[in-house]
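> Take this sequence and fold it.
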Amino acid sequence: MAQLLGLLLLSFFITAVLLVPFIDFLYKIHLSRQSDATKVDTLNKATPIHTKLLGHKGKRPIGAGVLIVLVTTILSLWSYGMLGIKANIGELGILLFAMISFALLGLYDDIRKNFNKGNSGFFGLRMRHKLVIQIVLGLIIGAFFWFGLKYDFVNVHWLGSLDVGPLFIPIAAFVVVSFTNAYNITDGLDGLSTGTLIICLFAFLALSLTLLHPALALFIAVCIGALIAFLYFNIFPARVELGDSGALAFGATLAVVGLLTGKILALTVIGGVFIFEVLSSLIQLLSKHYRHQKVFTVAPLHLWFMYKGWEEPKVVMRFWLAAILFAIFGLWLGVIK
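Predicted coordinates for the structure are as follows:
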């Protein structure tokens, strides 16, 4: 435990020291958030309510996720060697592959948003293109689990472990893609997604220690330290944002962490805030496409609460409280027999 806390603090201090010059660097290269006044949804329709609620944010640096991924990767590799922890190289490999590959996808999208905007008003990768790449990466991760780690079961509480054989590959891909997009959708208000993720990771840190999984616990501790340092600069009013490079990376990472514990139901509950966010957006999208009308005035849920009159910090704090309750419940599900 002392080693984990020490690594968490070390990760925090390294990230905190590097973030200020990195933010200046992002300003210099003009890698910044696009104006919300140009927003259209995935059906290429204008989103005036979204613009009204978030248009005041203006351009802010994005891409801090790149730094957090770098710090987490380097410090994790260093700490495994220095502390002599016997880590399954396959588990470490799948964690780093998921985080880095999705970070690169997000970084490419961030760059396109800033420097290759089209005339249609839609910037970045098209949703269908991004989704196809995510599915491919998810299937690769699922194949890692199946062929490399010999994962062929899904643990369902009260039913025990269900042997799903090669079906674990598409199941894992679905979980990874779902959480990747859920995190990205939640990353809309200052501090919302990062604070929620930290709460989720603390729950999985406790779960990994309970399951005697020290290698996974080490990786989680390093992630938490870096994210806490970033959160200082991301809470309202934010000075910097993760960007898609961080949002996609940490959504996928959270999914892989949950899959490695073998507790998919616990993952779903611990990440409950992300699940409700993505479900609200999915319901809205399907309704607009097939019924040509909205279910919610605006989606996802955090914007709906703002539309109802809640101020941004109030929404974020309430969602953090909900995340704590989800984390406690999910952790309970993860440890009961």
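> For Tyr307, see how far away Ser287 is.
Ser287 is 17 Å from Tyr307, where distance means C-beta to C-beta, to the nearest Å. For every residue, glycine as well, the C-beta is placed using N, CA and C.
> ok, for Ala16, nearest residue in space, not its chain neighbours?
In this structure, Ala16 finds its nearest non-sequential neighbour in Ala229, 4.1 Å apart by C-beta to C-beta, 6 or more residues apart in numbering.
> Could you do Leu227 as well?
Sequence neighbours aside, Ile198 is the residue nearest to Leu227 in space, at 5.3 Å (criterion: C-beta to C-beta, 6+ apart).
> For this protein, which helix or strand comes out least confident on mean pLDDT?
Sorting the helices and strands of the chain by mean pLDDT, DSSP states H and E puts helix 48-54 at the bottom, at a mean of 70.
> next SSE after that one?
Tracing the chain C-terminally past helix 48-54 and defining elements by DSSP states H and E, one meets helix 64-83 next.
> and the next helix or strand after that next one, what does it pack onto?
Downstream of helix 64-83, the next assigned helix or strand under DSSP H and E is helix 89-115. Applying 3 or more C-beta pairs under 8 Å, 6 or more residues apart in numbering; DSSP states H and E, one finds that helix 89-115 contacts helix 64-83, helix 127-143, helix 214-234, helix 243-261.
> Which among those is found nearest to Ile29?
helix 64-83 (11.5 Å; C-beta to C-beta).
> I'd like to know which elements the closest one is packed against.
helix 2-28, helix 89-115, helix 214-234, helix 243-261.
> among these, where is the model least confident on average?
Out of those, helix 89-115 stands lowest, with a mean of 90 (criterion: mean pLDDT).
> Give the buried residues for that one.
91-92, 94-111, 113-114 (16 or more other C-beta atoms under 10 Å).
> now swap in stretch 277-293 and tell me
Result for stretch 277-293 [16+ other C-beta under 10 Å]: buried residues 277-282, 284-285, 288.
> Report the rounded mean pLDDT for that stretch.
Mean pLDDT, stretch 277-293: 89.
> that older thread, right, and the residue nearest to Ala16 touches Leu9 too?
No - with contact defined as C-beta atoms under 8 Å, Ala229 does not count as touching Leu9 (10.3 Å).
> which of those two has more neighbours?
The residue with more neighbours, out of Ala229 and Leu9, is Ala229; 23 against 13, by other C-beta atoms under 10 Å.
> any idea how far that one lies from Gly142?
Going from Ala229 to Gly142 by C-beta to C-beta gives 32 Å.
> what comes up buried for the helix or strand harbouring Ala203?
Using DSSP H and E, Ala203 maps to helix 192-210. Within helix 192-210, the residues that count as buried by 16+ other C-beta under 10 Å are 192-209.
> And Arg60, how far from Ser193?
Taking C-beta to C-beta, one finds Arg60 at 15 Å from Ser193.
> Let me see the contact set for the residue nearest to Ala16.
Applying C-beta atoms under 8 Å, 6 or more residues apart in numbering to Ala229 gives the contacts 11-13, 15-16, 19.
> what about burial for those residues, which qualify?
Burial by neighbour count, judged by 16+ other C-beta under 10 Å, picks out 11-12, 15-16, 19 from these.
> And these, which is closest to Ile270?
Nearest member of the buried ones among the contacts of Ala229 to Ile270, counting by C-beta to C-beta, is Ser11, at 21.1 Å.
> Quickly note the distance from the closest one to Tyr183.
Applying C-beta to C-beta to Ser11 and Tyr183 gives a distance of 20 Å.
> can you check Asp244 too?
Going from Asp244 to Tyr183 by C-beta to C-beta gives 10 Å.
> neighbour-wise, which of those two wins?
Comparing Asp244 with Tyr183 by other C-beta under 10 Å, the one with more neighbours is Tyr183, at 31 against 27.
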